[in-house]
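[1] From the sequence below, what's the structure:
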Amino acid sequence: FVQRHPEHLELLDEMLAYSEAHLYDPKTNRVHLLVYEDDTPLIDAVSRRGYVKSEERCGYHMEYTIGDLPTPQLSDGYTLHTVAEECDVELRRELFGRSFNHEEPKDWPSAFAYRELQRAPDYRLEHDLFIKAPDGTYAAGGIFWYDEANHVGHLEPLGTHPEHRKRGLARVVLIEGLRKLKEQGATRMPMITSYDSLYGSLGFNKMRTYCVWEKALA
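    Below is the predicted model:
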């Protein structure tokens, strides 16, 4: 995605040229950009440079005003925990990977990467949540981040292991994370997502729509 000050639109072509030179996908030799439907200057710039809009790869900037929250209900045998209570890095790695449909361990985040994530300024052990399945494996999880200066919460990532989907586990993690953020003083949570049924059911509002634009490089 591209961020720039609205008074410096002259930078767009330079930023796009840099992306095409350094930020393309080497497997497909394509560069992809997330473009909001109301960002006319960026739409004009990518159109001039030969990008094509993908109608199938669209989503939303959503936002939730944190107020009263429903009481989450867990399926029998599942329990909710925080990393402050237990931190099995290998199970966490597998959950991260399998939640986003990466079956091979080589494609999961490394233990080093997860440890480095935990050093981030806004990371808190008690905001790193997971649900344990009856067999002791990790079934779902999410990390909630709190921007204290702006009273804003963020979520990245949220996922459910393929073997434990359709049980409402992600909803439980999301509600508990929002509750914790509210206790800290968060008043809202923005997010960018292409999957909105879960968030819509909790009261997230669609603020803006985006689509992915892509360009095949020579």
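
[2] thinking residue 127 is in contact with residue 82, fair?
    Yes - taking CB atoms under 8 Å as the definition, residue 127 is a contact partner of residue 82 at 7.5 Å. Where you see a C-beta, it was placed from the backbone N, CA and C, and this is true even at glycine.

[3] Between those two, which has more neighbouring residues?
    Remark: of residue 127 and residue 82, residue 127 carries more neighbours, 22 against 17, as counted by other CB atoms under 10 Å.

[4] So the more buried one versus residue 116, what's the distance?
    17 Å (CB to CB, to the nearest Å).

[5] where exactly do the helices run in this structure?
    For the chain, the helices defined by DSSP state H occupy 12-22, 40-48, 89-99, 111-117, 169-184, 197-202.

[6] partners of the single longest strand found in the chain in the sheet?
    Criterion DSSP state E: the longest strand present in the chain is strand 52-65. Using DSSP bridges, the strands paired with strand 52-65 are strand 188-193 (antiparallel), strand 205-216 (antiparallel).

[7] which residues are contacting the last one?
    The reference is to strand 205-216. 20, 29-38, 46, 49-55, 57-65, 190, 192, 196, 200 (CB atoms under 8 Å, 6 or more residues apart in numbering).

[8] which residues sit against the helix or strand of the chain with the lowest mean pLDDT?
    The weakest-scoring helix or strand in the chain, judged by mean pLDDT, DSSP states H and E, is helix 197-202 (a mean of 90). Residues from elsewhere that reach helix 197-202 (CB under 8 Å, 6+ apart): 62, 64, 70, 170-171, 174-175, 191, 193, 206.

[9] before we move on, the earlier item: export the strands paired with strand 52-65 as TSV, with columns for mean pLDDT.
    Converted to TSV, these look like this (pLDDT from 0 to 100):
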stretch	mean pLDDT
strand 188-193	94
strand 205-216	96
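
[10] could you dump the ones you listed to TSV with mean neighbour count?
    Output for the strands paired with strand 52-65, formatted as TSV (neighbours: other CB atoms under 10 Å):
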stretch	mean neighbour count
strand 188-193	17
strand 205-216	16
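
[11] can you redo those as a markdown table with distance to residue 147?
    Shown next, in a markdown table, are those (distance: least, CB to CB, whole Å):
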| stretch | distance to residue 147 |
| --- | --- |
| strand 188-193 | 10 |
| strand 205-216 | 17 |
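
[12] ok, residue 139 touching residue 162?
    No - at 10.1 Å, residue 139 does not count as touching residue 162 under the criterion of CB under 8 Å.
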